[in-house]
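Chemist: could you work out the structure for the sequence below:
(one chain, ligands or ions: 3)
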Amino acid sequence: MVFHHIPAEGSDGQYPSGKPGVIVVNLGTPDDTGYGAVRRYLSEFLSDRRVIEGPPVLWQPILQGVVLSTRPRASGRAYARIWDTQRNESPLRGVTRRQAEKLAERLAVSGVPVVWGMRYGRPSLAEALHDLLRQGCDRILTMPLYPQYSATTTATANDQIFRALMKLRNQPALRTLPPFADDPDFIAALARSVRDAQAQVQAQAPSQAQPFQMVVASFHGLPKDYVAKGDSYAADCLKTVTALRAALGMDETTLPMTFQSRFGPAKWLEPYTAPFIKALPARGVTRIAVVMPGFMADCLETLDEIGNEVREEFLAAGGESFTLIPCLNDSPASIDLLEKLARRELAGWL
Ligand SMILES: C=CC1=C(C)c2cc3[nH]c(cc4nc(cc5[nH]c(cc1n2)c(C)c5CCC(=O)O)C(CCC(=O)O)=C4C)c(C)c3C=C
Ligand SMILES: [Fe+2]
Ligand SMILES: [Fe+2]
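Modeler: Ligands and ions are numbered 1, 2, ... in the order given. Here you go, the predicted structure:
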């Protein structure tokens, strides 16, 4: 076995420094919108045994065969619709980088460097970790930016960090940010984003008594089977939506919870966002907003699946007004939240 030794720059590489560093973690995204890049990304993502739990002898032939011959082209077209062509990157990557840069500005006064990395694709979590080690950090806080826990997101991000630690001779100490589904500052920032959208739409159409008849809270879905086996994701989503309803004085009717981005033939958490929203105009609900409290960064699933596909379906079915509420992204309230969470988890290390 060969273990890496990554000495801090300008040190003798032998003695502990006690210096903390932070890694901001998100899911990952392809490097470009072409078939090859999207295929590489999807292959890594969908080969993760936390994501697809079935036996690889059955799944890999399906994945490498039918899935990866068709899906990369369709997903690539979807990515192309939302791509940041100026910086040549996906929104998820741009937002994650800006979140890390802004958090770094906040933590600089405490001498804590902040880097960012992706569970799938680049920059990898190993690169991010090695960057901190070279800066002399031997106490690492990783912040997977998933408000609600899932084995398919939070746990696999943490697994990947530990995989990188397995290869080190001198391991840093490690802390991982727990889920923050009903953190009061998280909920306040979400509530504020809903009220801001209400005010904006009201300003455009002052005659409407109520800018939205309904605000749909759409979370990324998960196979029901994973929840039945104990994944606490659904319970965390309920925590978020319950707290958000309380903060906004809304209920299950005016702020319903739905699940989007289903993948494959299995049953996922219900109700599914797209059919739910498409059926609203027939019930007389023609002015809606969608908030997506499972995502800290706008991405393919928020901007294209909801912002393009679901919007078009809703309008085609007789909907009149559809407002996509942006994720918290790198807004000041979002960075305030990240700073608070980081400082709480760094307690005793600063
Ligand atoms: C079995 C498959 C999947 C599970 C389980 C799953 C859980 C899950 N995912 C997110 C967040 C994101 N997913 C994103 C994209 C995406 N998700 C899947 C499949 C599963 N997700 C696929 C195949 C894709 C790729 C795009 C596509 O081909 O449709 C993204 C966006 C990435 C981007 O680059 O913008 C995010 C974010 C959560 C929170 C979650 C579990 C709760
Ligand atoms: Fe996903
Ligand atoms: Fe999707």
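
Chemist: if you count neighbours, what's buried in stretch 305-313?
Modeler: Across stretch 305-313, burial judged by 16 or more other CB atoms under 10 Å covers 305-307, 310-311. (Each C-beta comes from the backbone N, C-alpha and C, glycine too.)

Chemist: and that stretch, anywhere near ligand 1?
Modeler: No: on the criterion CB under 6 Å from any ligand atom, stretch 305-313 is out of touch with ligand 1, staying 7.6 Å away.

Chemist: next, the distance between the ends of that stretch.
Modeler: Length of stretch 305-313, first residue to last, CA to CA, to the nearest Å: 11 Å.

Chemist: and the contacts of that stretch?
Modeler: Here stretch 305-313 makes contact (CB atoms under 8 Å, 6 or more residues apart in numbering) with 78, 81-82, 218, 260-261, 273-274, 277-278, 290, 292, 322, 324.

Chemist: for it, give the mean pLDDT please.
Modeler: Across stretch 305-313, the average pLDDT comes to 98.

Chemist: so is stretch 66-78 next to ligand 1?
Modeler: Yes: using CB under 6 Å from any ligand atom, we find that stretch 66-78 touches ligand 1 at 71, 75.

Chemist: contacts for that stretch next, please.
Modeler: With CB under 8 Å, 6+ apart, stretch 66-78 has contacts from 30, 33-39, 42-43, 46, 300, 304-305.

Chemist: just checking: what are the partner strands of the lengthiest strand in the chain?
Modeler: As assigned by DSSP state E, the longest strand anywhere in the chain is strand 19-28. Note on strand 19-28: by DSSP bridges, its sheet partners are strand 114-120 (parallel), strand 137-144 (parallel).

Chemist: wait, which of those strands is closest to ligand 1?
Modeler: Closest to ligand 1 of the strands paired with strand 19-28 is strand 114-120 (CB to the nearest ligand atom; 8.8 Å).

Chemist: what lies in contact with that closest one?
Modeler: 21-29, 41, 44-45, 48, 93, 96-97, 99-101, 103-104, 107, 123-129, 131-132, 153, 156-157, 160.
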